[in-house]
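Chemist: pasting the sequence and the predicted coordinates here, then a few questions.
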Amino acid sequence: MKRSIRKEMAMIFIGVMTGVLVLTWLVNAFFLESYYIAEKQQQVIEAYETLNQGAREEQFMEEDFLTQLNNIAFTDNLSMLVIDTSGKVQLYTVRDFRTLKNILYSYIFETDNEADDIQELSVNNRYVIRQRIDQFSKAEYIEMLGTLDNGFSFVLQTAVESIRDSVAVSNQFYTYIGIGAVLVSCLLIWLFTKRFTEPILELAEISKRMTDLDFNAKFSGSQNNEIGFLGAHMNQMSEKLEQTISVLKTVNNELERDIEQKNQIDEMRKEFLSNVSHELKTPIALIQGYAEGLKECINDDAESRDFYCEVIMDEASKMNTMVKKLLALNQIEFGNHMVTMERFDIAALIRNVLSSTGILMEQKGIQVHFHVQEPVYVWSDEFQIEEVVTNYVSNAVNHCAGEKIIDIRLEQQEETVRVSVFNTGNPIPEEELDKVWIKFYKIDKARTREYGGSGIGLSIVKAIMDSINRECGVKNYSNGVEFWFEVDSKA
């Protein structure tokens with residue numbers, strides 16, 4: 001340890017206080033006089049305002065006004081003299097006002113004694129404020145000379161060396177400087193002490209995380225004192241503990257993952273066997289029944305035999321389609337399908353799907369609304385997205401009713417494109433909206449059986465969207481249902 005906290009704290013506090021004292025001394029040495037002169041000027045200006053108001057309101061002979069002026073003169077150590085246009089004295093606050101009268105005449109007739117040291121401090125069209133040193137007494141004064149609003153001339157004078165005024169102004173000045181110095185000192189001390197408290201708080205947070213077996217927490221400070229020494233040893237301890245427990249955590253994680261995967265596979269196998277058995281039971285029974293009828297020659301005419309054969313072929317085709325979909329779904333769910341991300345025009349993809357189902361839509365009298373002609377490029381697995389669109393469109397065709405309208409839209413969002421497929425018809429019951437993605441789930445089993453649905457299409461959609469980490473959903477409207485999904489529009 002090159003330095004200790006105690007020495008650093010002592011040096012910082014001493015440096016701060018020394019700096020404050022030196023700053024206070026410099027401010028007092030260079031600015032106190034200017035501040036004092038400014039205060040005296042302000043006193044003279046305030047006295048002038050009172051005097052000028054009395055002149056406007058012709059209060060020079062009123063006792064209250066004269067008392068007010070005398071109080072101002074006594075408090076601020078001011079001498080006042082006012083003469084009218086004929087040179088007659090109208091108001092004064094000192095018994096011997098001849099000196100003030102001579103000063104005022106010298107100003108009016110511009111015959112100021114050149115031997116006097118006079119410095120103008122402020123000048124306007126009504127008065128002049130100046131600082132003057134009397135050549136005989138060497139006394140220094142702040143004077144205001146000028147004309148009141150009623151045309152009377154006046155002079156206000158105050159001695160700069162007044163002990164009472166000097167002490168009051170000095171004390172006031174030091175009060176302001178003292179408050180500022182205290183505030184600055186507090187701020188600097190707070191900033192410097194924060195340098196020491198932050199590493200301590202960091203060490204406390206690290207120790208808390210280490211109790212939770214989080215060994216990624218490391219002390220990042222670079223101090224060469226006790227805190228840095230403690231932080232370095234805590235980092236070493238963290239590394240040792242991490243090395244000791246890493247093997248156990250690895251084995252534990254592997255074991256948990258194997259158990260979870262085994263349980264998941266068992267559940268999926270049970271569910272798969274149960275659903276497949278249930279779904280295959282009906283077509284197998286039909287095939288068996290019609291096959292037995294053919295064998296026993298229940299109907300000898302060719303038309304009946306053709307009908308029996310068509311039923312058998314149709315049911316076999318449905319079984320084949322269902323098995324293919326189940327295999328594809330399991331492949332996606334088990335993660336065996338490789339997702340290939342590429343850029344393609346999804347508007348063109350939708351037009352191709354609509355073209356392949358156009359004849360079926362015409363037969364059912366369905367109107368399709370899709371007016372996007374410009375290319376809309378997205379990033380995703382084109383083959384899988386085509387499967388999603390095909391399932392959505394087939395689902396819409398099979399459930400389209402009422403006005404028989406299918407409306408397909410592309411909505412450009414910030415970084416995604418939302419594809420929605422709406423079909424008129426009966427809304428899905430609200431309590432069953434979340435169940436449409438479940439394998440083999442059918443809302444209207446009779447209608448699903450009628451068009452040969454297996455209840456797997458939307459499950460495939462959900463599995464595909466999960467594999468590419470995008471959202472899909474369903475929304476009810478008063479006149480139909482909308483299915484939607486999202487794909488990335490940016491790489």
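Modeler: The structure has been received and is ready for your questions.

Chemist: now do the helices in the protein.
Modeler: 5-56, 63-76, 98-108, 163-211, 226-295, 302-333, 346-356, 358-364, 382-399, 445-451, 457-467 (DSSP state H).

Chemist: and the residue lying closest to Glu58 once chain neighbours are set aside, how close does it get to Met61?
Modeler: Leaving aside its chain neighbours, Glu58 sits nearest to Asn150 (7.5 Å; criterion: C-beta to C-beta, 6 or more residues apart in numbering). Glycine gets a C-beta too; all of them are placed from N, C-alpha and C. The gap separating Asn150 from Met61 is 13 Å, by C-beta to C-beta, to the nearest Å.

Chemist: if we can go back for a sec, need phi/psi at the residue nearest to Glu58.
Modeler: phi -90, psi 10 (degrees, to the nearest 10).

Chemist: go on, Gln413?
Modeler: According to degrees, to the nearest 10, Gln413 has phi -110, psi -170.

Chemist: what score does it have for pLDDT?
Modeler: Looking at Gln413, its pLDDT is 87.

Chemist: repeat that for the one 3 residues further on.
Modeler: At Thr416, the model reports a pLDDT of 92.

Chemist: show me what it is bridged to.
Modeler: Beta bridges link Thr416 to Asp488, judged by DSSP bridges.

Chemist: and it, how many neighbours?
Modeler: 18 (other C-beta atoms under 10 Å).

Chemist: ok, it touching Glu486?
Modeler: Yes. With contact defined as C-beta atoms under 8 Å, Thr416 and Glu486 form a contacting pair (4.6 Å).

Chemist: where's the residue nearest the centre of the chain relative to Val388, distance?
Modeler: With distances taken as C-alpha atoms, centre = their mean, the residue of the chain nearest its centroid is Glu414 (18.3 Å). For Glu414, the distance to Val388 equals 21 Å [C-beta to C-beta].

Chemist: just Asn77 next, same as before
Modeler: The value you get for Asn77 to Val388, if C-beta to C-beta is used, is 95 Å.

Chemist: more neighbours: which of these two?
Modeler: Neighbour comparison, Asn77 and Val388: the larger count goes to Val388, with 28 against 18 (by other C-beta under 10 Å).

Chemist: enumerate every residue touching the closest residue to that one other than its chain neighbours.
Modeler: Take Val388 and drop its neighbours on the chain: the residue closest to it by C-beta to C-beta, 6+ apart is Val461, 5.0 Å away. Going by C-beta atoms under 8 Å, 6 or more residues apart in numbering, Val461 touches Glu387, Val388, Asn391, Tyr392, Trp437, Cys472, Phe483, Phe485.

Chemist: give the residue spans of the stretch 351-491 of the chain that score low on pLDDT.
Modeler: 440, 442-455, 491 (pLDDT under 70).

Chemist: so what's the residue count around Asp434?
Modeler: Using other C-beta under 10 Å, Asp434 has 10 neighbouring residues.

Chemist: please apply the same query to the one 4 residues further on.
Modeler: For Ile438, the tally of surrounding residues (other C-beta under 10 Å) stands at 15.

Chemist: and Tyr127, by the same measure?
Modeler: 21.

Chemist: how about it, nearest residue that isn't a chain neighbour?
Modeler: Per C-beta to C-beta, 6+ apart, closest to Tyr127 is Gly146, 2.8 Å.

Chemist: how far away is that neighbour from Ser394?
Modeler: From Gly146 to Ser394 the distance is 100 Å (C-beta to C-beta).

Chemist: separation between the residue nearest to the centre of the chain and Leu91?
Modeler: Distance from Glu414 to Leu91, by C-beta to C-beta: 80 Å.

Chemist: if we can go back for a sec, between Gly146 and Ser394, tell me which one has more neighbours.
Modeler: Gly146 (20 against 16).

Chemist: read off the pLDDT value for that one.
Modeler: 92.

Chemist: wait, doesn't it sit right on Arg130?
Modeler: No. At 10.9 Å, Gly146 does not count as touching Arg130 under the criterion of C-beta under 8 Å.

Chemist: so which of the contacts of Val461 comes closest to Ile408?
Modeler: Nearest to Ile408 among the contacts of Val461: Tyr392, at 8.5 Å, using C-beta to C-beta.

Chemist: list the contacts for that closest one?
Modeler: Applying C-beta under 8 Å, 6+ apart, the residues contacting Tyr392 are Val421, Val461, Phe483, Phe485.

Chemist: which among these gets closest to Ile312?
Modeler: Out of these, the member with the shortest distance to Ile312 (by C-beta to C-beta) is Val461, at 30.5 Å.

Chemist: what's the distance between that closest one and Asp407?
Modeler: Val461 is 18 Å from Asp407, by C-beta to C-beta.

Chemist: what do you get for Leu51?
Modeler: 88 Å.

Chemist: so for the two, which sits in the more crowded spot?
Modeler: The neighbour count for Leu51 versus Asp407, taken as other C-beta under 10 Å, is higher for Leu51 (24 against 17).

Chemist: and the pLDDT for the more buried one?
Modeler: Here, the pLDDT recorded for Leu51 equals 91.

Chemist: quick one, what contacts it?
Modeler: Leu69, Met80, Val82, Leu91, Leu148, Phe154, Leu156.

Chemist: mind showing which ranges of the stretch 1-150 of the chain have poor pLDDT?
Modeler: 1-11, 14, 17, 21-22, 25, 28-30, 112-116.

Chemist: ok so, going back, between Thr416 and Glu486, what contacts are shared?
Modeler: With C-beta under 8 Å, 6+ apart, Thr416 and Glu486 have common neighbours Arg470.

Chemist: residues touching Arg56, list them.
Modeler: Leu148, Asp149, Asn150.

Chemist: which of those has the most neighbours?
Modeler: Leu148 (20 neighbours).

Chemist: for that one, phi and psi?
Modeler: Main-chain dihedrals, Leu148, degrees, to the nearest 10: phi -80, psi 170.

Chemist: hang on, Gln131 packs against Ser122?
Modeler: No. Contact status for Gln131 versus Ser122: not in contact, 10.3 Å apart, counting by C-beta under 8 Å.

Chemist: with neighbour numbers in mind, choose between the two.
Modeler: Using other C-beta under 10 Å, the more surrounded residue of Gln131 and Ser122 is Gln131, with 17 against 12.

Chemist: the nearest residue to the more buried one once chain neighbours are set aside - how many residues pack around it?
Modeler: Distances taken as C-beta to C-beta, 6+ apart put Gln119 closest to Gln131, at 4.6 Å, once the chain neighbours are dropped. With neighbours defined by other C-beta under 10 Å, the count for Gln119 comes to 9.

Chemist: also the one 4 residues further on?
Modeler: Number of residues near Val123 (other C-beta under 10 Å) recorded here: 11.

Chemist: repeat that for Val481.
Modeler: Neighbours of Val481 (other C-beta under 10 Å): 22.

Chemist: list the contacts for it?
Modeler: His399, Phe422, Asn423, Gly425, Pro427, Ile428, Val474, Lys475.

Chemist: now, the residues you listed that are in strands?
Modeler: Phe422, Asn423, Val474, Lys475 (DSSP state E).

Chemist: beta partners of the second one?
Modeler: For Asn423, the beta-bridge partners are Ile406, Val481 (DSSP bridges).

Chemist: count the neighbours of it for me.
Modeler: 28.
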